[in-house]
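Q: Show me the folded form of this:
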Amino acid sequence: MDETYRQIRQRARELVQTLPEPAFYKEEADALKRSHRLFDRSAELKELISHLEAELDEDFGHGLFHSQKVAIEAGAIVLVERRRSKEHNTADAPCVDRLMFKAHCAGLLHDTMRKHKDHAEKGAAYAEKVLAVLHFPQNEIHEIAFAIACHEAFKTNDAACPTGPDAQLLADALYDADKFRWGPDNFAHTVWDMVSYARIPLPLFMSHYPRALEGIARIKKTFRSQTGKLYGPGFIDIGLDVGKKLYTIIQSEFAPNLGGCTASSSTTP
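A: Numbers count the residues shown, from 1 in each chain. Sure thing, here's the model as predicted:
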């Protein structure tokens, strides 16, 4: 990574540390703990991860670190949603654990084709092949693939939802956990891996910065599950707060690196 970006990343991480963490982590800590425990204890997931290590590139910001966070938080969302449902008042039932497991699988697999156009659809197709090799039941393969096909923001998907409420909950949980990453994680981790991979010059990065923040803000209205709608906007607000403060810092502290390019960066986003 370029030294300038390394310094900016450090400033971004310092900003993240000054802000409260998203409420989801405190208020749903027990669900997150249970999801994490199930994730860590699963031999099936360990086998799946071994298949994915070559496909998930950390240098693009959507590697195993990102996918594991999405997986565990998607599992927690599933549990919280089931606890809220009057039709499913036995959140300790084995079927809920299995649904959380499927959320873990979807989280791990959702960005395998991230560098490709139509990455959600291609990722779903890749997931079907991998899960078939691992001898997953066909109905579970369809549910996980559907969730992956539907996880891209601002894009309609023509995939037919498999029968039953579990498939839609799985898709909603994956989407919401993935979009949580546009909160503090974006400026602590993701964006710097992406600009480093693409070798984007800082002036060009700054020229796109205001519009990028507008795009992040639009995510606030797209959360799908009740849990996502409750906690997701808080993630986004923290991310936007960091992003706006960092924009000012880059303009002031890294001005010599901007090469006199001020036209697109004169207005604070």
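Q: Find the centremost residue of the protein, please.
A: Closest to where the C-alpha atoms of the chain average out (C-alpha atoms, centre = their mean) is Asp178, at 2.5 Å.
Q: Is it correct that that one is in contact with Val70?
A: Yes - using C-beta atoms under 8 Å, Asp178 and Val70 qualify as a contacting pair, with a distance of 5.1 Å. In this view, the C-beta of every residue, glycine as well, is placed from N, C-alpha and C.
Q: any shared contact partners between those two?
A: A shared contact of Asp178 and Val70, defined by C-beta atoms under 8 Å, 6 or more residues apart in numbering, is any residue touching both; here these are Gly107, His110.
Q: residue boundaries of the helices in the stretch 51-200 of the chain?
A: Secondary structure of the stretch 51-200 of the chain (DSSP state H, counting those that start in this stretch): helices located at 64-84, 94-109, 119-133, 138-149, 165-180, 184-185, 191-198.
Q: a markdown table for these, including mean pLDDT and distance to Phe39?
A: As requested, the helices of the stretch 51-200 of the chain are exported to a markdown table (pLDDT from 0 to 100; distance: least, C-beta to C-beta, whole Å):
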| stretch | mean pLDDT | distance to Phe39 |
| --- | --- | --- |
| helix 64-84 | 95 | 5 |
| helix 94-109 | 95 | 5 |
| helix 119-133 | 93 | 17 |
| helix 138-149 | 95 | 15 |
| helix 165-180 | 95 | 12 |
| helix 184-185 | 96 | 18 |
| helix 191-198 | 89 | 22 |
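Q: Can you lay out those as TSV showing distance to Glu14?
A: Below are the helices of the stretch 51-200 of the chain laid out as TSV (distance: least, C-beta to C-beta, whole Å):
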stretch	distance to Glu14
helix 64-84	20
helix 94-109	28
helix 119-133	32
helix 138-149	35
helix 165-180	21
helix 184-185	12
helix 191-198	14
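Q: With respect to Leu19, which of those helices lies nearest?
A: In terms of C-beta to C-beta, the element of the helices of the stretch 51-200 of the chain nearest to Leu19 is helix 184-185, at 7.0 Å.
Q: So which elements touch the closest one?
A: Judged by 3 or more C-beta pairs under 8 Å, 6 or more residues apart in numbering; DSSP states H and E, helix 184-185 is in contact with helix 226-253.
Q: what about Thr112, how many neighbours?
A: For Thr112, the neighbour count with other C-beta atoms under 10 Å is 25.
Q: try Phe65
A: Counted with other C-beta under 10 Å, residues neighbouring Phe65 total 15.
Q: Can you tell me how far it is from Val191?
A: With distances taken as C-beta to C-beta, to the nearest Å, Phe65 is found 14 Å from Val191.
Q: so what's Arg34 closest to, chain neighbours aside?
A: Leu79 (6.3 Å; C-beta to C-beta, 6 or more residues apart in numbering).
Q: Correct me if wrong: that neighbour contacts Ala31.
A: Yes - the pair formed by Leu79 and Ala31 meets the contact definition of C-beta under 8 Å, at 4.5 Å.
Q: ok now do the nearest residue to Leu109 once chain neighbours are set aside, which residues does it touch?
A: Once flanking residues are discounted, Leu109 sits nearest to Ala127: 4.3 Å by C-beta to C-beta, 6+ apart. Counting by C-beta under 8 Å, 6+ apart, Ala127 touches Cys105, Ala106, Leu109, Thr112, Ile141, Ile144, Ala145, Ile148.
Q: Need the three-state assignment for Pro256.
A: Secondary structure of Pro256, reduced to three states by DSSP: H, G, I helix; E, B strand; the rest coil: helix.
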